[in-house]
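Chemist: Sequence isn't available, so here's the structure alone:
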């Protein structure tokens with residue numbers, strides 16, 4: 001058990017001693033008193049939901065607190081107002097608020113929701129944006145109320161910063177323990193079982209490991225500072241925690257620095273795949289609000305913690321190979337890698353490239369003519385060298401395809417009749433596909 005100095009916090013239990021606070025009837029609080037009430041609530045350990053409730057009730061407005069990319073943290077908002085947000089296109093199909101469309105508008109004509117005044121205030125800490133405070137009202141806001149909103153944003157920033165400090169310790173402890181499980185060094189089965197139960201994780205039935213990594217920047221894009229990259233990763237990890245928690249709070253999720261790892265329920269193949277796609281879709285949303293593109297790899301379904309190290313290795317291999325073959329923003333299952341999995345296990349790319357050049361010769365060149373012939377060759381392999389079908393697939397005349405088959409045999413050898421040569425050629429084409437991805 002790790003104890004934090006000068007705080008009544010035990011990692012693994014996170015028991016925080018907070019003073020008993022009196023019940024506050026927000027209807028009895030006026031706007032000017034709100035500025036004094038909110039810091040008191042924060043110091044008393046109030047949850048974000050209580051702060052939002054106080055703001056909404058005192059200002060008689062719909063209030064929402066979101067993350068920097070528009071995920072809802074807490075809200076006091078009516079069903080009709082949510083519907084009006086949706087009708088105005090301010091929410092995507094995952095529920096994300098398009099915060100980048102909102103602002104403090106000066107005239108009613110520029111408001112995104114007709115007949116409603118909406119204000120978006122940044123919730124910030126030194127060096128980072130924590131999220132946004134959004135307030136909406138059909139009657140508008142007075143200068144005094146706008147001032148109260150700005151002070152409320154400061155109080156909410158204190159609350160979020162406090163919660164992040166506590167969560168950071170808890171998440172690191174859980175993440176370190178999950179990493180130890182994946183590395184096979186967590187300890188005896190009974191020790192692992194006790195900690196898993198203590199964390200509230202469900203790891204007794206079939207499981208699948210998911211690894212998600214933010215895609216590397218393209219060469220022409222700015223890479224961001226180290227601090228910005230750290231904030232992207234934190235936001236990315238928090239998104240996975242929030243999505244997993246909305247589905248099942250017993251799903252383990254950890255941030256390993258360069259990747260986010262989750263242990264999801266396995267079950268039958270269709271249900272397990274549907275869960276992965278649902279989570280990926282929800283985390284990605286419409287990719288607005290500063291969200292970064294990412295790729296996902298999924299290992300085979302295993303039963304018991306003993307199978308997790310191999311499943312984790314498979315998931316990492318899947319995301320690596322999937323990105324190399326198909327590019328970024330892809331979800332790849334280990335079982336779907338096929339031949340690519342074996343190719344990716346060869347550590348020496350130069351050896352792979354030499355094999356491809358030995359088998360394909362001129363066809364391995366980086367020229368338009370070679371690329372066109374490789375495409376025709378792949379179609380012929382896919383059709384088992386059925387010239388007529390290959391010609392229809394590529395919209396060629398039959399005689400044109402026969403000419404190309406003859407040219408390929410002059411370059412490669414008797415590929416039509418030699419099954420072993422045909423296998424070598426097929427593998428060489430896959431090697432080039434992996435190396436050029």
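Modeler: Arrived safely. Since this is a predicted model, take the numbers as computed values, not measurements.
Chemist: Quick one: low-confidence residue ranges for the stretch 51-200 of the chain.
Modeler: 103-110 (pLDDT under 70).
Chemist: Actually, the stretch 251-400 of the chain.
Modeler: 344-345.
Chemist: How much space separates residue 45 from residue 313?
Modeler: From residue 45 across to residue 313, the span is 42 Å (CB to CB, to the nearest Å). Placement of C-beta: from N, CA and C, glycine included.
Chemist: no, scratch that, I was asking about residue 100
Modeler: According to CB to CB, residue 100 and residue 313 sit 38 Å apart.
Chemist: And for residue 98?
Modeler: 38 Å.
Chemist: Over to residue 65?
Modeler: Taking CB to CB, one finds residue 65 at 39 Å from residue 313.
Chemist: Over to residue 295?
Modeler: 17 Å.
Chemist: circling back: comparing residue 98 and residue 313, which residue is more hemmed in?
Modeler: A count of neighbours by other CB atoms under 10 Å puts residue 98 above the other of residue 98 and residue 313, at 19 against 15.
Chemist: Strands of the stretch 101-250 of the chain, start to end?
Modeler: Ranges of strands in the stretch 101-250 of the chain, per DSSP state E, counting those that start in this stretch, are 117-125, 128-137, 206-214.
Chemist: SS state for the residue nearest the centre of the chain?
Modeler: The residue lying closest to the centre of the chain (CA atoms, centre = their mean) is residue 283, at 4.8 Å. Applying DSSP: H, G, I helix; E, B strand; the rest coil to residue 283 yields a three-state assignment of helix.
Chemist: Surely it and residue 237 touch.
Modeler: No. With contact defined as CB atoms under 8 Å, residue 283 does not count as touching residue 237 (10.4 Å).
Chemist: Same question for the helix ranked longest in the chain: list its buried residues.
Modeler: For the chain, the helix that runs over the most residues, judged by DSSP state H, is helix 143-182. Buried residues in helix 143-182, counting neighbours by 16 or more other CB atoms under 10 Å, are found at 145, 148-149, 152-160, 171, 173-175, 177-179, 181-182.
Chemist: what's the distance between residue 235 and residue 68?
Modeler: 6 Å.
Chemist: got any residues that touch both of the two?
Modeler: The contact sets of residue 235 and residue 68 overlap at residue 290 (CB atoms under 8 Å, 6 or more residues apart in numbering).
Chemist: where along the stretch 1-150 of the chain do the helices fall?
Modeler: 31-43, 48-59, 79-87, 143-182 (DSSP state H, counting those that start in this stretch).
Chemist: Now do the first one against helix 143-182, angle only.
Modeler: Orientation check (axes from the mean of the first three to the mean of the last three CA atoms, to 10 degrees): helix 31-43 against helix 143-182 gives 20 degrees.
Chemist: name the helices or strands packed onto helix 31-43?
Modeler: helix 48-59, helix 143-182 (3 or more CB pairs under 8 Å, 6 or more residues apart in numbering; DSSP states H and E).
Chemist: relative to helix 48-59, how tilted is that helix?
Modeler: Using the same axes, to 10 degrees: helix 31-43 against helix 48-59 is 170 degrees.
Chemist: again, but for the third one
Modeler: Going by the same axes, to 10 degrees, helix 79-87 is angled at 100 degrees with respect to helix 48-59.
Chemist: Can you name the residues in contact with helix 79-87?
Modeler: 62, 91, 97, 113, 116, 136.
Chemist: these two touch, right, the third one and residue 89?
Modeler: No. Distance between residue 97 and residue 89: 11.0 Å, which falls outside the contact criterion (CB under 8 Å).
Chemist: I'd guessed residue 290 sits against residue 68; true?
Modeler: Yes. Using CB under 8 Å, residue 290 is in contact with residue 68, at 6.4 Å.
Chemist: Find residues that contact each of the two.
Modeler: residue 235.
Chemist: quick one: which of the two has more around it?
Modeler: Remark: of residue 290 and residue 68, residue 68 carries more neighbours, 20 against 15, as counted by other CB under 10 Å.
Chemist: quick one, phi psi at that one?
Modeler: phi -60, psi -30 (degrees, to the nearest 10).
Chemist: quick one, what contacts the nearest residue to residue 150 once chain neighbours are set aside?
Modeler: Leaving out its chain neighbours, the residue that sits closest to residue 150 by CB to CB, 6 or more residues apart in numbering is residue 121, at 6.3 Å. For residue 121, the contact set (CB under 8 Å, 6+ apart) comprises 104, 132, 133, 134, 135, 149, 150, 153.
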